[in-house]
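Chemist: here is my input; please provide its structure:
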Amino acid sequence: MNKLVNCWIIFALAAAGCSGNKEGPPPQGDSGGADQKFLLAQEPPGARGVIDTRKATKDGDDVVVVGRIGGDKKPWVDGRAAFVIVDTAFKPCNERGDDDCPTPWDYCCDPPDELRKGMATVKFVDEQGKTVPTDARRLLGVKELDTVVVKGKAKRDGDGNLTVLAEALFVRAARK
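Modeler: You can find the predicted model right below:
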């Protein structure tokens, strides 16, 4: 199994075992009263795609990255303000003709090795650097395949994976 997948599984399992607010996603059709302190009214300038951001940033760099929420059947970390985004160069399965995939946000139509090069993890953190203990769907009012612009700091690991320690988010295009 790829190191990125292993890291993501370990991160998700560790986050699931942490104490804190375990509230789930908002009910269908409910924005869940998104926390406005994390939401931007205007798109921040200088947004780059995930692929370009992965190539150009070092650990600790300020970043503004654009991507679509997805990359897995479950791109969320339950009970935490964390999720995965995919570079907008990739098309989800439902935008490829007659595909009626029930989970188009998993990008299963793309080769996994290529898809991993266009993925990043987004974590909203508090003043102590800990992931905010509220489900991202409820905290931010977002869902799978929303196009988001995230402002934060790059966190790199030895395998080249990118995590954005997010401070704010702008929803460029919400999935209908």
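
Chemist: doesn't Phe170 fall inside a strand?
Modeler: Yes. Phe170 sits within a strand when classified using DSSP: H, G, I helix; E, B strand; the rest coil.

Chemist: neighbours of Trp76, how many?
Modeler: 21 (other Cβ atoms under 10 Å). For every residue, glycine as well, the C-beta is placed using N, CA and C.

Chemist: excluding its backbone neighbours, what's nearest it?
Modeler: Phe83 (5.2 Å; Cβ to Cβ, 6 or more residues apart in numbering).

Chemist: any idea of the mean pLDDT in the strand or helix carrying the one you found?
Modeler: Assigned by DSSP states H and E, Phe83 belongs to strand 82-86. The average pLDDT within strand 82-86 is 98.

Chemist: the helix or strand just after it: which residues count as buried?
Modeler: Proceeding N to C from strand 82-86, the next assigned helix or strand is helix 112-116, under DSSP H and E. Going by neighbour count (16 or more other Cβ atoms under 10 Å), the buried part of helix 112-116 is 115-116.

Chemist: the helices in this protein, which residues?
Modeler: In the chain, the helices defined using DSSP state H lie at 3-17, 50-56, 112-116, 136-140.

Chemist: picking that back up, how close does the residue nearest to Trp76 sit to Val66?
Modeler: From Phe83 across to Val66, the span is 14 Å (Cβ to Cβ, to the nearest Å).

Chemist: out of these two, which sits in the busier spot?
Modeler: More crowded of Phe83 and Val66, by other Cβ under 10 Å: Phe83, with 29 against 21.
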